Every structure is written in C-alpha cells, then in structure tokens.
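Chemist: using only what follows, build the 3D model:
(chains A and B)
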Amino acid sequence: METAGLSDAQLVTRCRAGEPGAWNAFVERFSRYVYAICSRGFRLAPSDAEDVFQEVFARAYEKLGELRNDDAVLPWLGQLTRRLCIDRMRVLARDAPGAAEPDERAAEETLNAIDDAIAVRAALDAVGDPCSEILDRFFCRDESYRTIGDALDLPAGTIASRISRCLAKVRELMEGGGASARLEE
Amino acid sequence: MNGYDEEQIARLLRLLPPAPEAWVQAAQELPEARAALDDLTARAERDAAFRLELEADLERALAAAGYEGSPSVVSRLRRLLEPVEGAEPG
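Modeler: Prediction:
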C-alpha cells in the first residue's frame, strides 16, 4: 500500500480500518519522533528508551480509536511519549536512591527543538530526492561522504557541495520559496 | 519555523536519527503480538496446564502455540504475562 502521500489523518483512518500495511506505515512515520523524545529529549538509557518506545506504540495501537482529532496524532503521540518517559524516570528514581527525579522543564528546550525538527523533516520530504536522501544520510544517519557516494553512485568529492545546495533548498522551501526548491538537484 | 539558516536546519535534522530497526520491526509486529497475547492469556485462564507451560518456558510455549515473534516482542509478551505468571506488578 502506498502511504507516502497520505496525511497523518488519512493514515490514522486506514489504521483504524485495519488496512494491510497501514500500521507498519504508521510506526515508520512516527518512529523517529518517539525515538527522539526518549533518547534525545529525556536521555533515557537504550533499554529504557526501547521499553518506552514499544509501550508508546502499544498504547497508540490500543487507543487509536479514541483519538478525537486525527490531524492531532503527532502531538498526541508526543504527549503520550513524554508521559511514559517521565513515568519511567520516576520508577528509575524510586528504584535507585539518589537518582535524579524527572524534570520535564530541563528537557523542554530539546523537546521544543524536536518539534521544530519535525517541521524541517516535512520540508525535507517536500524537497524530495536526491536532496532528501543525501541530507538524511549525512545528518540523520551520520554517514560519511564516501558511504553516501557509494550508495547513491555519486562522486564522494561532490557530496559536500550537494549537501550545501540541498540545505539551501530546504531553507528556501521553509521560507516559502517552495516552487524553485522542488527543482531537481 | 521560518528564518532558520542552514546551520540551524542541520542541527535540527541531527535530532531525528532513525530509530533502531529492530525496535521499529517489533512495534510493527504489535498487532500480531496482541492477537497472540489475547489468545495466550485466554488459554492460560482456562487451562492450568498451559499456564504452567508458559511459566516454565515462554518461548517454547509460544512456538508450540504456533507463534514466533522477534526477541523484543517475546520480551514484551513476557512482561505483559507477568500477572499470569504470578509476578508482582510494577
């Protein structure tokens, strides 16, 4: 099932209807956001972050039918993830005397930045390939110029300049110059 | 969100690495795991012998019941089955 062009609300509707592939696409679409809140926002250890990550999607699966506004699935997941991270940190603090109590305000700056990053990510998707893939590989997956060049069959020596041009396109798109930014690299 | 320069855009992109593949896969298997869990807990409630099998060796009981999940899904099932296994919650 093709889901890339679906809005969040459309994807939620398809999940509720039990359409094949819809839940996989749902997890794929929101996994980075949930992961970022757990690992970057609240800096949970990997094993704790994994537990929270799975719990978020388990609850989302169970409660998707109760979501009042399908367009608000992203903030709903964000709130759910924050709450479960704080719950986990409370348990950790209870079980390990001396451990820091959860402080959502301390994480607030990073959590806000993660929300801003989602908007950048949307612009990245709108710019399309090859820019989207080049920037994702370099900044999100931390791949080297050589690895990116090999994967995309591009000379490694051109990757840096391509990254620079692609960043400019994303900026341009976010500033409202979408038409020219969508031009192929 | 307007007004970000390239450096800020790069910094924000770095905040969203992909989640580990195994985590994503396990979350994608949740509907199947949920169905297996419902089936297993229902059987465990009405079949004391089956409950003992679960307590003794969850992986083997799952395989015998025709379910093979990823390790993280099995781990999640184990935690969710804790009340059946007699463990104290929380």
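Chemist: state the distance from residue A:20 to residue A:3.
Modeler: 11 Å (C-beta to C-beta, to the nearest Å). Any C-beta I mention is one placed from the backbone N, CA and C, and that applies to glycine too.
Chemist: looking at those two, which is more packed in?
Modeler: Comparing residue A:20 with residue A:3 by other C-beta atoms under 10 Å in any protein chain shown, the one with more neighbours is residue A:3, at 16 against 8.
Chemist: quick one, phi/psi of that one?
Modeler: Main-chain torsions, residue A:3, degrees, to the nearest 10: phi -120, psi -10.
Chemist: that one against residue A:21, yeah?
Modeler: Yes - checked against C-beta atoms under 8 Å, the pair residue A:3 and residue A:21 is within contact range at 6.9 Å.
Chemist: how about stretch A:48-64 as CSV, C-alpha atoms only?
Modeler: In CSV, the C-alpha atoms belonging to stretch A:48-64 read as follows (Å, rounded to 0.1, in the frame of the first residue of the first chain):
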residue,chain,number,x,y,z
ASP,A,48,14.6,2.1,29.0
ALA,A,49,14.1,4.0,25.8
GLU,A,50,13.2,0.8,24.0
ASP,A,51,10.7,-0.2,26.6
VAL,A,52,9.0,3.3,26.4
PHE,A,53,9.2,3.2,22.6
GLN,A,54,7.3,-0.1,22.5
GLU,A,55,4.8,1.0,25.1
VAL,A,56,4.0,4.2,23.2
PHE,A,57,3.2,2.2,20.1
ALA,A,58,1.3,-0.5,22.0
ARG,A,59,-0.9,2.2,23.6
ALA,A,60,-1.3,4.0,20.4
TYR,A,61,-2.5,0.8,18.8
GLU,A,62,-5.0,0.2,21.5
LYS,A,63,-6.2,3.8,21.8
LEU,A,64,-6.2,5.0,18.2
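Chemist: contact partners of it?
Modeler: A:12, A:15-16, A:23, A:26-27, A:31, A:34-35, A:38-39, A:44, A:77, A:80-81, A:84-85, A:88, A:92, B:19-20, B:23, B:26-27, B:30-31, B:34, B:72, B:76 (C-beta atoms under 8 Å, 6 or more residues apart in numbering or on different chains).
Chemist: all helices of the chain, in order?
Modeler: Because you didn't say which chain, this covers chain A. With DSSP state H as the criterion, chain A has helices at A:8-16, A:22-36, A:46-63, A:73-95, A:104-127, A:131-135, A:145-152, A:159-174, A:178-181.
Chemist: correction: the question concerned chain B.
Modeler: Going by DSSP H, chain B shows helices at B:6-13, B:21-28, B:30-46, B:48-56, B:58-64, B:71-80, B:82-85.
Chemist: follow-up on the earlier one: in a markdown table, list the helices of chain A along with mean neighbour count and mean pLDDT.
Modeler: Formatted as a markdown table, these follow (neighbours: other C-beta atoms under 10 Å in any protein chain shown; pLDDT from 0 to 100):
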| stretch | mean neighbour count | mean pLDDT |
| --- | --- | --- |
| helix A:8-16 | 18 | 92 |
| helix A:22-36 | 22 | 95 |
| helix A:46-63 | 19 | 92 |
| helix A:73-95 | 17 | 91 |
| helix A:104-127 | 17 | 87 |
| helix A:131-135 | 21 | 93 |
| helix A:145-152 | 15 | 92 |
| helix A:159-174 | 18 | 91 |
| helix A:178-181 | 13 | 44 |
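Chemist: which stretch among those helices comes nearest residue B:10?
Modeler: Among these, helix A:159-174 comes nearest to residue B:10, with 6.3 Å by C-beta to C-beta.
Chemist: the closest one to helix A:104-127, inter-axis angle?
Modeler: 100 degrees (axes from the mean of the first three to the mean of the last three C-alpha atoms, to 10 degrees).
Chemist: just how off-centre is helix A:159-174 within its chain?
Modeler: Distance of helix A:159-174 from the chain centroid (C-alpha atoms, centre = their mean, to the nearest Å) equals 20 Å.
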